[in-house]
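*Asks:* Here is the input, now give the coordinates:
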Amino acid sequence: MQDEAKSESYQSKVNKGGVPSEDVVGRAKNELARKDRAEKINHARQEMAQGMQKSMSGLKTH
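*Replies:* Take a look at the predicted model:
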């Protein structure tokens, strides 16, 4: 039991500023969310551009 208490005390001191693995996961999560938003924005832009092309081609009656 004493070894476990020492280990917990050590872990507490080492991870006082945050658990490194949690930091890595947090950064990865933020990066994935940013990329997902960027992909959605690009997709919406493409759909808008396609819609504009279709509407513009409907206006051309030459």
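
*Asks:* And residue 27, how close does it get to residue 52?
*Replies:* 37 Å (CB to CB, to the nearest Å). To be clear about C-beta, it is placed using only N, CA and C from the backbone, and glycine gets the same treatment.

*Asks:* Could I get the full set of helices for the protein?
*Replies:* For the chain, the helices defined by DSSP state H occupy 2-14, 20-59.

*Asks:* Mean pLDDT and mean neighbour count for the ones you listed - can I get that in TSV?
*Replies:* Shown next, in TSV, are these (pLDDT from 0 to 100; neighbours: other CB atoms under 10 Å):
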stretch	mean pLDDT	mean neighbour count
helix 2-14	86	9
helix 20-59	94	10
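
*Asks:* tell me the centre residue of this protein?
*Replies:* In the chain, the centroid-proximal residue (CA atoms, centre = their mean) is residue 33; its distance is 1.9 Å.

*Asks:* Tell me how far it lies from residue 4.
*Replies:* For residue 33, the distance to residue 4 - CB to CB - is 37 Å.

*Asks:* How about residue 25?
*Replies:* Separation of residue 25 from residue 4 (CB to CB): 26 Å.

*Asks:* cool, residue 52 as well?
*Replies:* 66 Å.

*Asks:* cool, and residue 28?
*Replies:* From residue 28 over to residue 4 the distance is 31 Å, taken as CB to CB.
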